[in-house]
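missing the sequence, but the structure's below:
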């Protein structure tokens, strides 16, 4: 039996000129993850990351803190949907809001995106298809004795989790709303296919490092 460990990136830099980089808290979260691996004597046998900076920074910090590993491969299929563009298309003023108010606006904007409303560089269905394609490739590579770490974002993790739990994307938004930065969701892969074993596991993080945005 193999396993896939889906890791949401550490906290990004909401409200800054460049959202796509880890905040100081995000770096601490990512390091804490790697240190927990080192303390338990566990390390992934392979790693994959999306192509976003926050994915790379999380992967590097965790792998370095773990003290084991040979780097990671890059797969753009694990990239997040462009939440800033989706929110801006719905309401240009949404980017000036605080994190809580922004999330409320984003959820409304996501409803429209999912429904196919508006003009976006990537449709919702294209997002679903690329994420599930990348997950299928990783699951196929997770043979007996292999543990693959995937450094990605909350959206792709929520999409995979929804499909594993319900068979479709119907739980995507409810799961996506509660994804914790640097949390780990574990999928076991055996003769009956992939199954979700743990969702949003964050016991490696002290309480003051628990963040959702």
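Here it is on my side, so go on. The structure presented is a predicted model; accordingly, all values stated were derived computationally and were not measured.

ok, now which ones touch the most centrally placed residue in the chain?
With distances taken as Cα atoms, centre = their mean, residue 153 lies nearest the centre of the chain, 2.3 Å away. Taking Cβ atoms under 8 Å, 6 or more residues apart in numbering as the contact definition, residue 153 lies against 8, 9, 50, 52, 54, 55, 78, 79, 80. (Glycine included, C-beta is placed from N, CA and C.)

now the strands for this protein?
2-8, 46-49, 73-74, 147-152, 184-190, 193-201 (DSSP state E).

In CSV: the ones you listed, plus mean pLDDT.
Listed next are the strands of the chain as CSV, based on pLDDT from 0 to 100:
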stretch, mean pLDDT
strand 2-8, 98
strand 46-49, 97
strand 73-74, 98
strand 147-152, 98
strand 184-190, 98
strand 193-201, 98
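
These into a markdown table, with extra columns for mean neighbour count and distance to residue 174?
Putting the strands of the chain into a markdown table (neighbours: other Cβ atoms under 10 Å; distance: least, Cβ to Cβ, whole Å) gives the following:
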| stretch | mean neighbour count | distance to residue 174 |
| --- | --- | --- |
| strand 2-8 | 24 | 16 |
| strand 46-49 | 22 | 26 |
| strand 73-74 | 14 | 29 |
| strand 147-152 | 26 | 19 |
| strand 184-190 | 20 | 14 |
| strand 193-201 | 15 | 12 |
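
how far does the lowest-mean-pLDDT helix or strand in the chain sit from the chain's center?
Lowest on mean pLDDT, DSSP states H and E among the helices and strands of the chain sits helix 83-90, with a mean of 84. Centroid separation for helix 83-90 versus its chain: 19 Å, with Cα atoms, centre = their mean, to the nearest Å.

buried ones in it?
83, 84, 86, 87, 89, 90 (16 or more other Cβ atoms under 10 Å).

what do you get for stretch 57-73?
Those would be 57, 58, 59, 60, 61, 62, 63, 65, 66, 69, 72, for stretch 57-73 by 16+ other Cβ under 10 Å.

got the contact list for the closest residue to residue 135 other than its chain neighbours?
Leaving out its chain neighbours, the residue that sits closest to residue 135 by Cβ to Cβ, 6 or more residues apart in numbering is residue 160, at 5.0 Å. Counting by Cβ under 8 Å, 6+ apart, residue 160 makes contact with 6, 131, 132, 135, 185, 187.

let's go with 10 Å and repeat that
Taking Cβ atoms under 10 Å, 6 or more residues apart in numbering, we find residue 160 in contact with 4, 6, 78, 131-132, 134-136, 138-139, 150, 152, 172, 175, 185, 187, 194, 196.

Report pLDDT for it.
What the model reports for residue 160 is a pLDDT of 98.

swap in residue 95?
68.

before we move on, back to that, can you tell me which two in the contacts of residue 153 are farthest apart?
The distance between the two most remote of the contacts of residue 153 (Cβ to Cβ) is 12.9 Å, for 8 and 79.

so where's the chain uncertain?
The chain contains residues with pLDDT under 70 at 95-97.

which stretches of it form helices?
Under the criterion DSSP state H, the chain carries helices at the ranges 24-40, 53-66, 83-90, 99-114, 124-141, 154-166, 172-176.

With respect to residue 203, which of those helices lies nearest?
Here helix 24-40 is closest among these (Cβ to Cβ), at 8.1 Å.

Next, show the common contact partners of residue 8 and residue 79.
By Cβ under 10 Å, 6+ apart, residue 8 and residue 79 have these common neighbours: 55, 152, 153, 155, 156.
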